[in-house]
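Engineer: Sharing a model that was predicted from the sequence below.
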Amino acid sequence: MKHTPSLLNRLFHFYYDGFRNMPGWGRKVWVIIIIKLFIMFAILRIFFFQDFLYKNWPNDKERSEHVLDHLTNSSDKHDRQH
Amino acid sequence: MIDNIDLSLVDWSRAQFALTAVYHWLFVPLTLGLSFILAIMETIYVKTGKEEWRRITRFWMTLFGINFAIGIATGIILEFEFGTNWSNYSWFVGDIFGAPLAVEGILAFFLESTFVAVMFFGWNKVNKKFHLVSTWLVAIGASLSALWILVANAWMQHPVGMIFNPETARNEMVNFWAVLFNQIAVDKFLHTISSGFLLASMFVLGISAWYLIRKREEQMAKKSILIAGVFGLLSSLMVAYTGDESARTVSKVQPVKFASMEALYEGKNNAGLIAFGVLKNTDIKIGNQNVKKFALKIQIPGLLSVLTGGDRDSYVQGLSDHISGNEKLEIVPTGEKMLRGKYAMTVLESYKKARVINDTALIASIKKVFKDNEFQNGYFKYFGYASIDKPEDVIPNVTVSFYSFHLMVVLGFLFILIFSVALYLLFKGTISDNKWFLWIALLSIPLPYIAGELGWLLTEIGRQPWIIQDMMTVSKAVSQISTGSVITTFILFAVLFTTLLISEVSIMVKQIKTGPKH
């Protein structure tokens, strides 16, 4: 009797074979993608790009109060020519 | 914490965002355009069954893959910056900005990433038609992703379909369709995707020209030039048409930007279109800027009036119409907008104070004011003007706006000419003999990139001092973080993106030199 592999099995082999038979340029760009994503999410996001409002104010009410304070504060209206 | 904003913080935050956006835009348009070129080439392969077209498609698909992979997720850094450097803005815009970006993320991830895998891994695994459908879906998915980003940007240029809620200090979307079909969004989407098509066509044309110069892969090169020539010519005509539409819309909804693009200080009837102009400073000052006048100009009389208003007698508004107002045209002077903005701010301050003392009756009555259309359209619409010191401060940098716009237009016409000549020489059968043209085509590859970046420069610099037109200034939007950390990340990004770009170019050049598989 002929055995038909399951959809999941076929999907797995589709990707597995695809990655295994990848040409040289494909391997190079995957290395670049992985390094790039590591720098972006494990270094930049964690150490340099924390969400300012979420980091400094514990809830939405306080965040909105901070933004309201900022919006209605006229001492920081420093717009000038560009 | 909010008492003092370091001016250099605003400048560095802007510089960092500009750097990230400029680099991001080096990758995006090639993905947008090349995906459609691949889909067209593969359609020919499926229709004709000729192996040559399969080989051609696979070669350009390799270059597409390199660009797609290197550029992937560079846009996410912009989202990091919104949360860190532009937190007040991000909060203020609420779901209007968040919703389109979320849709974009989901679409990009599921549609593009799923079918990109079929495109690259599926050549001998799935049937021809399914593969072709996948290629088309990648192309359509890429453009749909761009749509949502452009909708979000268009809202910043022309905020519509929302109401400000003082309780949350956020704008809330009340009309999704108004946001989606914002005239700026429609124009911007069509202009941007067609410019991506044009850029990719020039890329294919230029590289094919290189093969002809080297007398390699001549059949593939000529077939590629045919596709790039036809697609590029149609795209460059579409870019010209949508650019014209876009400028007309800007003249209506961002008239100060439009007047700056044309360096038009005094409004006039029968206004001429500047085909070529060199600006020079005068001794007269508006705010911190010297008024510019033309040291040299070639002008087509009446054409600007015709293009914006439909006839030579129509009046084109100048910068002074907006600074001082124009009663006849019912243009509100900037000073009056500043008063209305300040009134809106006073109401918001009252709300804030009422919340502190928990005066529920006052809170309820002020919330009612915020729901009133007259207050929203007559006062809160000008909320950002409360942060402006002098009326002249709403004028963007005229020199940058003028030159970026005009250089972009000149390049646009040059592209029409290049694609027309390519097709003419190809059909005449002499393209391989005209080395001068092949070199021009090769050296023109960077030009659409320059034109695209100039377009964004105009869009963003021309909108200054606003981050959201009339509602929020750039300096109100910025987070109060240390300037040092912004400078550090600026340098990190410059290094990261430059490395990525060098990697992309070197891998791509190697693949081009290797050529298609036989």
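Structural biologist: Arrived safely.
Engineer: and residue B:304, what is it in contact with?
Structural biologist: Residue B:304 sits next to B:262, B:271-274, B:316 when contact means Cβ atoms under 8 Å, 6 or more residues apart in numbering or on different chains. The way it works is simple: take the backbone N, C-alpha and C, and place the C-beta from them, glycine included.
Engineer: Leaving out chain neighbours, which residue sits closest to whichever residue of chain A sits closest to chain B?
Structural biologist: Minimum separation of chain A from chain B (Cβ to the nearest Cβ) falls at residue A:18, amounting to 3.0 Å. Leaving out its chain neighbours, the residue that sits closest to residue A:18 by Cβ to Cβ, 6 or more residues apart in numbering or on different chains is residue B:121, at 3.0 Å.
Engineer: That neighbour contacts residue A:13, correct?
Structural biologist: No. Contact criterion Cβ atoms under 8 Å: residue B:121 and residue A:13 do not qualify, at 10.3 Å.
Engineer: so who does the residue lying closest to residue B:324 once chain neighbours are set aside touch?
Structural biologist: Using Cβ to Cβ, 6+ apart and skipping the chain neighbours, the partner closest in space to residue B:324 is residue B:333 (5.5 Å). Shown in contact with residue B:333 (Cβ under 8 Å, 6+ apart): B:322-325, B:391.
Engineer: Repeat that for residue B:306.
Structural biologist: Residue B:306 neighbours (Cβ under 8 Å, 6+ apart): B:312, B:314.
Engineer: how about 10 Å then?
Structural biologist: Contact analysis of residue B:306 by Cβ atoms under 10 Å, 6 or more residues apart in numbering or on different chains lists B:270-271, B:273, B:300, B:312-314.
Engineer: Kindly supply the PyMOL command isolating those of those residues that are buried.
Structural biologist: Remark: buried members of these, expressed as a PyMOL selection using 16 or more other Cβ atoms under 10 Å in any protein chain shown:
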select buried, chain B and resi 270+271+273+314
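Engineer: which ones among the contacts of residue B:306 are found in strands?
Structural biologist: B:273, B:300 (DSSP state E).
Engineer: what about residue 10, helix or strand, and which?
Structural biologist: With no chain named, the answer covers chain A. helix A:7-20 (DSSP states H and E).
Engineer: other chain: chain B
Structural biologist: helix B:7-48.
Engineer: was I right about residue A:45 contacting residue B:489?
Structural biologist: No. Here residue A:45 does not reach residue B:489: they are 11.2 Å apart, not a contact under Cβ atoms under 10 Å.
Engineer: send the alpha carbons of the helix holding residue A:10 over as CSV?
Structural biologist: Only the C-alpha atoms of helix A:7-20 are listed here, as CSV (Å, rounded to 0.1, in the frame of the first residue of the first chain):
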residue,chain,number,x,y,z
LEU,A,7,0.8,17.6,5.5
LEU,A,8,3.0,18.5,8.5
ASN,A,9,5.6,16.0,7.3
ARG,A,10,5.5,17.4,3.8
LEU,A,11,5.8,20.9,5.1
PHE,A,12,8.7,20.0,7.3
HIS,A,13,10.6,18.3,4.4
PHE,A,14,9.8,21.3,2.1
TYR,A,15,11.6,23.7,4.4
TYR,A,16,14.3,21.1,5.5
ASP,A,17,15.2,20.3,1.9
GLY,A,18,15.0,24.0,1.0
PHE,A,19,17.5,25.0,3.6
ARG,A,20,19.8,22.0,3.0
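Engineer: after it, next one along is what?
Structural biologist: With DSSP H and E, the next secondary element past helix A:7-20 is helix A:24-37.
Engineer: who's in contact with the very next helix or strand once past that next one?
Structural biologist: Using DSSP H and E, the helix or strand that follows helix A:24-37 in sequence is helix A:52-56. Residues outside helix A:52-56 that contact it (Cβ under 10 Å, 6+ apart): A:50, A:60, A:62-64, A:66-67, B:1, B:82-88, B:90-91, B:478-481.
Engineer: Please apply the same query to stretch B:216-224.
Structural biologist: B:37, B:41, B:44, B:50, B:52-53, B:55-56, B:59-60, B:201, B:204-205, B:207-215, B:426, B:429, B:431-432, B:438, B:513, B:515-516, B:518.
Engineer: let's go with 6 Å and repeat that
Structural biologist: Under the contact criterion Cβ atoms under 6 Å, 6 or more residues apart in numbering or on different chains, stretch B:216-224 has outside partners B:56, B:204, B:208, B:211-212, B:515.
Engineer: which among these gets closest to chain A?
Structural biologist: Using Cβ to the nearest Cβ, those come closest to chain A at residue B:515, 12.8 Å.
Engineer: what about that closest one, neighbour count?
Structural biologist: 13 (other Cβ atoms under 10 Å in any protein chain shown).
Engineer: show me what contacts it?
Structural biologist: Neighbours of residue B:515 in contact, by Cβ under 6 Å, 6+ apart: residue B:217.
Engineer: Now the phi/psi pair for it, please.
Structural biologist: phi 80, psi 180 (degrees, to the nearest 10).
Engineer: Can you read off the pLDDT for it?
Structural biologist: As predicted, residue B:515 sits at a pLDDT of 83.
Engineer: Check residue A:74 too.
Structural biologist: Value for residue A:74, per-residue pLDDT: 63.
Engineer: Please apply the same query to residue B:470.
Structural biologist: So residue B:470 comes in at 92 (pLDDT).
Engineer: quick one on the thing from earlier: now the helix holding residue B:10: average pLDDT?
Structural biologist: Mean predicted confidence for helix B:7-48 is 91.
Engineer: same for it, what does it pack against?
Structural biologist: helix B:51-71, helix B:76-84, helix B:128-157, helix B:183-213, helix B:483-514 (3 or more Cβ pairs under 6 Å, 6 or more residues apart in numbering or on different chains; DSSP states H and E).
Engineer: if you compare those, which one is most tucked away?
Structural biologist: Mean neighbours per residue, mean count of other Cβ atoms under 10 Å in any protein chain shown, is largest over these for helix B:183-213, with a mean of 24.
Engineer: export the helices and strands packed on helix B:7-48 to TSV and tack on distance to residue B:404?
Structural biologist: Formatted as TSV, the helices and strands packed on helix B:7-48 follow (distance: least, Cβ to Cβ, whole Å):
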stretch	distance to residue B:404
helix B:51-71	23
helix B:76-84	21
helix B:128-157	16
helix B:183-213	14
helix B:483-514	21
